[in-house]
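Novice: What follows is a protein structure lacking sequence information:
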C-alpha cells in the first residue's frame, strides 16, 4: 500500500494523541480477545455444517501475506482430499507459479473453458502452445479477472476445479483480507453463496514479517515505487540527511530506500495491527506455531476441514519434514535455510532499521496489540 501523500517523518502533537488512542484501542482489543469465544463462522455462518455425506466443505484463511501463506496452502494440499489455492490469481496460475503441491496439468482433461469463467491471466500460466498440444489441452482464453470481487466467487471457481478433479475440502489462503471480506459482506447476501465457511486470519511476529515485506518490496516493486520514494525523501530532505548522518545510511541505496518506504509509505505494520485490533472476534492463527507444533497444526487442520478429514501421522510427517518446512520461501528455500526468528532478525538489522521498528512499534502500541499471542518484544528495548 502506498500513500498518496508523504506523511511527516517526525512525531508531533497529533501523533501523540493518535498513539494514546491506539494504546486504548489495543488494550480494548486485548480484553475482547481474552473475554469472548472466537466464532470461526462469524463471516460465513450461512448454510449447514458439512455432513458426512455432503459433497465437500470449504474454508478461508485471510492474510495480508508475509506469513508463510504459500507454505500453509502447500502443506494443506499434501492431503489428497484438499484443494487449496494461495493468493488472488486463478488456482491453475498459482499451481504453476508456486510450490503448492498441486500439478495444474491434472486438469488437462477437463473442460477448460468452464474452468476460467472468472478470468485468468494467461501470461502467468506456464502454458505455451507447444505445451498445450503436448498435454492435449487448449490454451485458456484471456479474460478479465475482477480481483476486488474475489470474495464473492472464490468458492464458485474452486468448485469447478473440484468437480473436474474430485476433492472433498476446498479453500483459499491469502487471497482475501478481513477488511476486504467485510466490505463485500455488506454488499453480498449471503456471503459465500450460502456456504458454511470457517474463517481464520494468518499472522506472524511483526519483526520477521517486516523483514519479509522489505525483501519482497526490494525484489519486486522498487522500480514502480521509485517516484514515490524520491518524493518522500525530497519532501523531508532535512530529516533524511540527519538520519543518514546519524545512522550512517545512504538513501540512494536500495535497502535503505526500501526500509524507508515500508515504514513511512507502505505502512504494512499499520494494516497488520489494525486488522488485529478491528476484528478481535476472528481467530488469529500463528505462523510460528503452525510450523513448530504438530498438535497446533492438527487443531487448525480440524477447524478448516470441519473435522471431515482424518489427519494421520503419515500426513503430519510430510508436513513437518525438512523438505516441506523449507518450502514456500523464495531464496531461503533454495539455500536450505530457515528465516531467522524475531530476536535473531532484530539483531541482524542495522541501527537505522531497529530504530524505525521501535518508532513504529511505539506509535502503534505493538506490544499491546500482539499481547494476546505472547509474542516477545523484550529484545527490542523500550517501546
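Specialist: Cool, the structure landed. All of these numbers come straight from a predicted model, not from anything done at the bench. Numbering: from 1, shown residues only.
Novice: alpha carbons only for contacts and neighbour counts from here, please
Specialist: Noted.
Novice: Wait, a helix at residue 83?
Specialist: No: looking at residue 83 with DSSP: H, G, I helix; E, B strand; the rest coil, it is strand, so not inside a helix.
Novice: Now for it, how many residues are close by?
Specialist: By other Cα atoms under 10 Å, the residues close to residue 83 number 28.
Novice: Now it: closest residue in space, sequence neighbours ignored.
Specialist: Excluding the flanking residues, the one nearest residue 83 by Cα to Cα, 6 or more residues apart in numbering is residue 170, at 4.7 Å.
Novice: One more: residue 203?
Specialist: Of all residues not flanking residue 203 in the chain, residue 286 sits nearest, at 5.3 Å (Cα to Cα, 6+ apart).
Novice: Next up, phi/psi of that neighbour, please.
Specialist: phi -90, psi 120 (degrees, to the nearest 10).
Novice: For it, give its distance to residue 111.
Specialist: Per Cα to Cα, to the nearest Å, residue 286 is found 38 Å from residue 111.
Novice: Spell out the residue ranges of the strands in this structure.
Specialist: Remark: strands assigned in the chain by DSSP state E are 57-62, 82-86, 169-173, 199-203, 284-286.
Novice: wait, what's in contact with the residue nearest to residue 203?
Specialist: 202, 203, 204, 373 (Cα atoms under 8 Å, 6 or more residues apart in numbering).
Novice: what's the domain layout of this protein?
Specialist: The record's domain parsing of the chain by automatic domain parsing lists 13-35+206-273+341-380, 57-204+280-333.
Novice: returning to what we had before: and the residue nearest to residue 83, how many neighbours does it have?
Specialist: 24.
Novice: Phi and psi next, for residue 167.
Specialist: Main-chain dihedrals, residue 167, degrees, to the nearest 10: phi -140, psi 150.
Novice: Let me see the contact set for the nearest residue to it once chain neighbours are set aside.
Specialist: Leaving out its chain neighbours, the residue that sits closest to residue 167 by Cα to Cα, 6+ apart is residue 81, at 4.8 Å. Neighbouring residues of residue 81 by Cα under 8 Å, 6+ apart: 166, 167, 168, 169, 309.
Novice: now the residue nearest to residue 203: how far from residue 343?
Specialist: Residue 286 is 17 Å from residue 343, by Cα to Cα.
Novice: likewise residue 173?
Specialist: Taken as Cα to Cα, the span from residue 173 to residue 343 is 27 Å.
Novice: tell me the pLDDT at the residue nearest to residue 83?
Specialist: On the pLDDT scale, residue 170 is placed at 97.
Novice: show me what contacts it?
Specialist: 56, 57, 58, 59, 82, 83, 84, 155, 158, 159, 162.
Novice: Repeat that for residue 302.
Specialist: With the criterion set at Cα under 8 Å, 6+ apart, residue 302 makes contact with 308, 309.
Novice: Just give the number of residues close to residue 292.
Specialist: Residue 292 has 12 neighbouring residues, counting by other Cα under 10 Å.
Novice: same deal with residue 381?
Specialist: With other Cα under 10 Å as criterion, residue 381 counts 8.
Novice: who's in contact with the residue lying closest to residue 254 once chain neighbours are set aside?
Specialist: Leaving aside its sequence neighbours, residue 254 sits nearest to residue 218 (Cα to Cα, 6+ apart; 6.9 Å). The contact partners of residue 218, taken as Cα under 8 Å, 6+ apart, are 254, 255, 258.
Novice: low-scoring pLDDT stretches of the stretch 51-200 of the chain, where are they?
Specialist: 51-54, 122-143, 188-189 (pLDDT under 70).
Novice: Would you map the helices across it?
Specialist: Under the criterion DSSP state H, counting those that start in this stretch, the stretch 51-200 of the chain contains helices at 69-77, 91-97, 112-115, 129-135, 150-164, 178-187.
Novice: Tell me which of these is the most buried.
Specialist: Here the criterion is mean neighbour count by mean count of other Cα atoms under 10 Å, and of those the winner is helix 69-77, at a mean of 24.
Novice: Output the contacting helices and strands for that one.
Specialist: strand 82-86, strand 169-173, helix 322-325 (3 or more Cα pairs under 8 Å, 6 or more residues apart in numbering; DSSP states H and E).
Novice: Quick check: buried residues in the shortest one?
Specialist: When neighbours are counted by 16 or more other Cα atoms under 10 Å, the buried residues of helix 322-325 are found to be 324, 325.
Novice: Among the contacts of residue 286, name the buried ones.
Specialist: Buried subset of these (neighbour count, 16+ other Cα under 10 Å): 202, 203, 204, 373.
Novice: and residue 208, which of the helices and strands packed on helix 69-77 is closest to it?
Specialist: Of all those, it is helix 322-325 that lies closest to residue 208, at 16.3 Å by Cα to Cα.
Novice: Can you pull out the residues in contact with that closest one?
Specialist: Helix 322-325 is contacted from outside by 71, 75, 291, 318, 319, using Cα under 8 Å, 6+ apart.
Novice: For those, please prepare TSV with the additional fields distance to residue 107.
Specialist: As requested, the contacts of helix 322-325 are arranged in TSV below (distance: Cα to Cα, whole Å):
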residue	distance to residue 107
71	22
75	20
291	30
318	24
319	24
